[in-house]
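# Sequence first, predicted model second:
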Amino acid sequence: MFKALLQGKPFSHPLHPALVHFPIGLFVLSLILDIASYLEITSNDLYGASLYVMAFGLAMGVLAALTGLVDRSDIRLDHPARKTSTIHMLLNLSALGLFSINFVLRLGQRALAGIPLAYLLLSLVGVGIILVSGYLGGTMVYDNGIGVGRHRRDTRLPKKTIDVSFLVRHDGWAVVCDENELKDGETLRVKCDGNIIALAKQGGKVYAFQDFCTHRYGPLSEGKLEDHQVICPWHRSCFDIRTGKVVEGPAKVDLNTYSAMIRGGKIFVK
Amino acid sequence: MIDFLQGKWLKHPLHPALVHIPTALWPMAWIFDLFSQFRADNVFVQLAFYAGLLGLLVAILAIPTGFADWTDIGREKPAWKLGLYHMGMNVVVSILWAINLWLRVGSFQTDTSVPPGLFGLSTFATVLLLISGYLGGRMIYAYGISVARLSKKKWRKIAEQGGAAVPPEDGE
């Protein structure tokens, strides 16, 4: 429940990307005030003013970090964006660390008339890191669709892709997992002989279809199951999971489907 | 020109990157306004002005990029209307801040608290902005605007390798 709140599900809008506006905007403003102070373009105490801005940036940065950690925990382990998320996190934590040091150093020297060059440089490096990291964060959303449509999904997401390619087959069937590991309304992402398959359970039966939406290739194993339809998290294309047929666009091409069954308490696919 | 405004050269949409500055700094300007009501100190009046000004400068850059993104949305899509409201509100908020800052220019270096009228103006602009920012976020996270716009070739390749049916190359 607390996790859903930190992910912004009650607002139908993820919290992390909303909160990050603040540290990004505030650290940039604080740097600009530092530069203006260093260049002495006004007699106002911009060095002192910058400290307030930095304090707010740090406070909001901590909130953003918390929500970001929670969002990261839902990224599939083998997703290409998982690595990006690790770099994004480490960069942001280093920037927060640098700004904390910067802040504490300045706190001890509040009465200075102008800003020491070292503090200005520290801010410059901090903002540089944040811009690189923010760019990576943006690619996670706009290239990889992380967090997109996630609020519509109320069951747990696949943790990783289960590769069954090398398992012993019985009449071509590969065993995926125990039946009770997949509940109604849940999905798995399975790799079998090069095919990436979404497995969905509904009404006690399992259905297998291609994981990639035929519009922009969004992950259907992270989509919402409504009765026997799956809704792509990215642009809401809707497919019938029994036949793979498009129910609603923007997708125009039907999904490939695969065979799946439950036998003896195990889920099989081929 | 549209390609440039949409951020193709950067491989990242420009509009959502630029809006961080006004989205953070205008509400912060309001918070500094609020502080100055309780603790008379010129530093808060100055901070509100600087935050408002940097917000406005970047908002002026953000508006054309947002417009360029919006032109790509089909008129029949729900996100088109959402985008229209988002744009209308943001233009209003930007004008409100331009007026607000104009009225402060003469006094922000000496005042120790923001006059109630101007505080009211930033309060109104902040409420509008938060609603508008929420709508902007909904366009991305609920309707997928700009999502996989620049990466669709990459995903197409991954999908093909994963044995998926894909649409004809020019039918996208």
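Alright, I've got the coordinates.
# Stretch A:107-123 and chain B in contact?
No. Shown here: stretch A:107-123 not in contact with chain B (CB under 8 Å from any CB of the partner chain), separated by at least 11.5 Å. C-beta: built from backbone N, CA, C; applies to glycine.
# Now do the buried residues in that stretch.
Buried positions in stretch A:107-123, judged by neighbour count with 16 or more other CB atoms under 10 Å in any protein chain shown: A:115, A:119, A:120, A:122, A:123.
# Also stretch A:254-269?
A:254, A:255, A:256, A:257, A:258, A:260, A:267, A:268, A:269.
# contact partners of it?
Contact with stretch A:254-269 is made by A:164, A:170, A:173-182, A:190, A:192, A:195, A:197, A:199, A:204-210, A:214, A:220, A:239, A:242-246, A:270, B:163-165, as judged by CB atoms under 8 Å, 6 or more residues apart in numbering or on different chains.
# change it to 7 Å
A:164, A:173-179, A:182, A:190, A:192, A:195, A:197, A:199, A:206-210, A:214, A:239, A:243-246, A:270, B:163-165 (CB atoms under 7 Å, 6 or more residues apart in numbering or on different chains).
# What subset of those is buried?
Neighbour-count burial (16+ other CB under 10 Å) is assigned, among the contacts of stretch A:254-269, to A:164, A:173-176, A:179, A:182, A:190, A:192, A:195, A:197, A:199, A:206-210, A:214, A:239, A:244, A:246, A:270, B:163-165.
# Tell me which of those fall in strands.
A:174-176, A:190, A:192, A:195, A:197, A:199, A:206-210, A:239, A:246 (DSSP state E).
# Could you list which of those residues also contact chain B?
A:195, A:210 (CB under 7 Å from any CB of the partner chain).
# And residue B:70, how close does it get to chain A?
16 Å (CB to the nearest CB, to the nearest Å).
# can you list the residues of the stretch 1-150 of chain A near chain B?
Proximity of the stretch 1-150 of chain A to chain B is confined to A:12-14, A:17-18, A:21-22, A:24-26, A:28-29, A:32-33, A:44, A:48-49, A:52-53, A:56, A:135, A:138-139, A:141-143, A:145, A:147-149 under the rule CB under 7 Å from any CB.
# Buried among the residues you listed? Need that as a selection in PyMOL.
In PyMOL, a selection of the buried entries from these looks like this (16+ other CB under 10 Å):
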select buried, chain A and resi 13+14+17+18+21+22+24+25+26+28+29+32+33+44+48+49+52+53+56+135+138+139+141+142+143+145+147+148+149
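# Which ones among the residues of the stretch 1-150 of chain A next to chain B map onto helices?
A:17-18, A:21-22, A:24-26, A:28-29, A:32-33, A:48-49, A:52-53, A:56, A:135, A:138-139, A:141-142 (DSSP state H).
# Any idea how far stretch B:89-96 is from the middle of the chain?
On the basis of CA atoms, centre = their mean, to the nearest Å, stretch B:89-96 sits 10 Å off its chain's mean C-alpha point.
# Would you mind listing the outside residues contacting it?
Outside stretch B:89-96, the residues that reach it (CB under 7 Å, 6+ apart) are B:56, B:59, B:63, B:121, B:124, B:125, B:128, B:129, B:131, B:132.
# 10 Å - rerun?
By CB atoms under 10 Å, 6 or more residues apart in numbering or on different chains, the residues outside stretch B:89-96 that reach it are B:19, B:22-23, B:26, B:55-56, B:59-60, B:62-63, B:66-67, B:121-122, B:124-133, B:135-136.
# ok, and which of the residues you listed reach chain A?
B:19, B:22, B:23, B:26, B:55, B:130, B:133, B:135, B:136 (CB under 10 Å from any CB of the partner chain).
# shaky segments in chain B?
Applying pLDDT under 70 to chain B picks out residues B:170-172.
# And for the closest residue to chain A within it, the neighbour number?
Nearest residue of chain B to chain A (CB to the nearest CB) works out as residue B:24 at 2.6 Å. The burial count assigned to residue B:24 is 29, neighbours taken as other CB atoms under 10 Å in any protein chain shown.
# which bits of the stretch 151-270 of chain A sit near chain B?
A:151-152, A:161, A:191-197, A:209-220, A:232-237, A:244, A:250-258.
# what do you get if the cut-off is 7 Å, keeping everything else the same?
A:194-196, A:210-212, A:214, A:216-218, A:234-235, A:252-256.
# And the strands in chain B?
Counting by DSSP E, chain B contains no strands.
# Spit out the contact partners of the residue nearest in space to the middle of it.
In chain B, the residue lying closest to the centroid (CA atoms, centre = their mean) is residue B:19, at 3.5 Å. Residue B:19 makes contact with residue B:62, according to CB under 7 Å, 6+ apart.
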